[in-house]
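**Q** What follows is a predicted structure for the sequence shown.
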Amino acid sequence: MSPPGSQRAAVATTIDRSGVREARPAKPTYDARQPIGQRWEVERGVLASQRRSLTVFLAGAECPFTCLFCDLWQYTLPSQTPAGALPHQLAGALAAAAPIEANDAIKLYNASNFFDRRAVPPGDLPEIADLCSPFTRVTVESHPKLLGNACADFADRLSGRLEIAMGLETVHPTVFPRLKDGMTIEDFDTATTWAKERGIGVRTFVLVGLPWIAEESFAGWAARSALHAIEAGADRVSLIPLRAGSGTLTELRKRGELAPIRLRHLEDALEKALGLVDGAGLVEADLWDVPALATCDRCADRRVARLATMNREQRIVDSVECSCSTDRGSSDGPAPE
């Protein structure tokens, strides 16, 4: 199969999303020689031996696709990533995170596309691969249309297995084209097949709580989207509650086109997705800053712990009992046909 981007000449930078960019607030300034941060987490691996995962947040050039929902632009540099900057950032992060243990995994998240030449200079890829030699799995982010020879070569150079993290977000037929730039659902499927044929793993991001989807259907559409990703060949799906880091999303919320995302939406989405996928792949709720979604202090910690248990054990566990009523109960039935 040809690389996913070779069939079409779509260029992200030709898409006019100036209104989305203009609505953004000012973003912080980052040092191109320093990583934004790093953290260890316990993560269920596709391989039973993989448990610990180090996420390194790298500072690089912004993604050119300017998807409506994205809040990652605020963690990027204002111009092209300087040559040598990312290996320097990664070396510093690894030194701070030491020691590295056997079977550890690493995620290199640069808030953009790892195989975009502006974001990751091609000359830096061999050194980055060498720095990742202690890890059994290396996860990077990429737009499906940017997979190709550079991706395959990077995978071959790694000591561990490469995993590509790609955003699908939703398979809702009318919402998807309003959110995404430069790709179709078919592009995602093609890229997933291409990666799997080369032994490259695929992690997929699905959003919970999108604009133009009724609140009672948040969980159903997230579950259906997770199932599509697994059936297309993804190894795992991360369910991510929509984060309002975009001025455009703020305006949509003011106009009543985007309902607030609550903790129960994420709980319902994970339950429904686990039921639909039924062990064919891993489905996890992204727990970063999730307590902020809760509206009841009495049960929030227990409910987040429940999500962590379902992530780890890949099964639905009993819901948390609480007298609160503002954020409880199932949000919907099956996704509409």
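**A** Thanks, I have the structure now. Numbers count the residues shown, from 1 in each chain.

**Q** where does the stretch 51-200 of the chain dip in pLDDT?
**A** Scanning the stretch 51-200 of the chain with the threshold set as pLDDT under 70 gives 69.

**Q** Show the residue spans covered by the helices in it.
**A** Ranges of helices in the stretch 51-200 of the chain, per DSSP state H, counting those that start in this stretch, are 85-97, 125-131, 149-157, 176-179, 185-197.

**Q** Over to the stretch 201-337 of the chain?
**A** Counting by DSSP H, counting those that start in this stretch, the stretch 201-337 of the chain forms helices over residues 218-232, 247-254, 263-277, 300-313, given from the N-terminal end onward.

**Q** Just name the most buried of the ones you listed.
**A** Mean neighbour count, computed with mean count of other C-beta atoms under 10 Å, is highest for helix 218-232 among these, reaching a mean of 25. All C-beta atoms are positioned from the backbone trio N, CA, C, and that covers glycine.

**Q** On the pLDDT front, check Asp297 for me.
**A** Looking at Asp297, its pLDDT stands at 91.

**Q** on that earlier part again, weakest of the helices of the stretch 201-337 of the chain in terms of mean pLDDT?
**A** Averaging pLDDT over each of the helices of the stretch 201-337 of the chain singles out helix 247-254 as the lowest, with a mean of 77.

**Q** Which residue ranges of the stretch 1-150 of the chain form strands?
**A** For the stretch 1-150 of the chain, applying DSSP state E, counting those that start in this stretch gives strands covering 37-42, 52-57, 105-109, 137-141.

**Q** what's the closest of these to Leu270?
**A** Taking C-beta to C-beta as the criterion, Leu270 comes closest to strand 37-42 out of the strands of the stretch 1-150 of the chain, the separation being 17.0 Å.

**Q** Residue nearest the middle of the chain, spatially speaking?
**A** Residue closest to the average C-alpha location in the chain (C-alpha atoms, centre = their mean): Phe205, at 4.1 Å.

**Q** how about the nearest residue to that one, chain neighbours excluded?
**A** Gly167 (4.4 Å; C-beta to C-beta, 6 or more residues apart in numbering).

**Q** got it, and Glu284?
**A** Leaving out its chain neighbours, the residue that sits closest to Glu284 by C-beta to C-beta, 6+ apart is Asn311, at 4.3 Å.
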